[in-house]
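Trainee: 3D, please:
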Amino acid sequence: MSNKKYLLREINNDFDKEKNYEKIIKKINKKNNIVFFKYAIPVIIFLLLIIPFFLSNKKMYVTDNSEKNDLIKINDKTDSWLVLNVSKTSSGLYDINIPYFEFTKDIRIPNDFDNKDYKEMFYNDKNTRDQNDNVYYKFHFFNTKNERYILIAFSEVKDNINMLKEEKNDKVSFINNKELFIYKSGNKYLTSFEYNDLFFYIETTSISEKELVDLLESIIK
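Mentor: Next up is the predicted model:
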């Protein structure tokens, strides 16, 4: 009898297939479990570390937004209020020689505005051109493809600017701790305020509330 046949006979006669099968399966499962835990444990540790951080950041982000939104109160007004409170015409003389003002270097304008702007200087009395008390300025920014538009008018003298008069129930907003009133009529936002010894009147058309806040924050530091 050849060795091969002898070995097969002994295996068939003496080898407990069911018992040894169970042993082999247990060893395989044990090995698989070791491999699983080898990779699963680091993954679990990583998740335990990253999930609280993610939840913390998410909560912080929501809190920041809610706090910021709580500081902005928009007062809705009718078209008739707009007509009564906003000057449609300007008197004076036009001049392109605008002196430098510090706040102008950081004005934040929406990205889609196509760099089309112009500046005006007005004198309330042509005979007093050299007196600062009679001077006010208008900066215009716009997108030439649509009606999105921003007007920033300012002066060192309050009477030269169209300062909006708040009403009894108007809600106050805060921009970098500065109190001001923001109004909305149709697609326009309007506000006026004093800051750094200048009086501002700002009027926008078809920009978002966020774009308005960004603009105001770039002026009011």
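
Trainee: is it fair to say Tyr201 lies in a strand?
Mentor: Yes - assigned with DSSP: H, G, I helix; E, B strand; the rest coil, Tyr201 falls within a strand.

Trainee: Identify the residues contacting it.
Mentor: 151-154, 161-164, 190-192 (CB atoms under 8 Å, 6 or more residues apart in numbering). Placement of C-beta: from N, CA and C, glycine included.

Trainee: if we go to 6 Å?
Mentor: When contacts are counted by CB atoms under 6 Å, 6 or more residues apart in numbering, Tyr201 touches 153, 161-162, 192.

Trainee: again, but for Tyr136
Mentor: 122, 155, 160.

Trainee: same question, Tyr118
Mentor: Neighbours of Tyr118 in contact, by CB under 6 Å, 6+ apart: His140.

Trainee: Give me the number of neighbouring residues for Phe181.
Mentor: Neighbourhood size, Phe181 [other CB atoms under 10 Å]: 19.

Trainee: Looking at the contacts of Tyr201, which two lie furthest apart in space?
Mentor: Pairwise distances across those peak at 8.8 Å for Ala153 and Ser192 (criterion: CB to CB).

Trainee: among the contacts of Tyr201, which ones are buried?
Mentor: 153, 161-162, 192 (16 or more other CB atoms under 10 Å).

Trainee: Would you mind giving those as TSV with distance to Phe141 added?
Mentor: Below are the buried ones among the contacts of Tyr201 laid out as TSV (distance: CB to CB, whole Å):
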residue	distance to Phe141
Ala153	12
Ile161	18
Asn162	18
Ser192	18
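
Trainee: Which stretches in the chain count as strands?
Mentor: 74-76, 116-123, 135-142, 149-155, 173-175, 178-185, 188-195, 198-205 (DSSP state E).

Trainee: these two touch, right, Leu71 and Val172?
Mentor: No - between Leu71 and Val172 there is no contact under CB atoms under 6 Å: 9.5 Å.

Trainee: one step back: relative to Val213, which of the contacts of Tyr201 is nearest.
Mentor: Of the contacts of Tyr201, the one sitting nearest to Val213 (CB to CB) turns out to be Ser192, at 16.0 Å.
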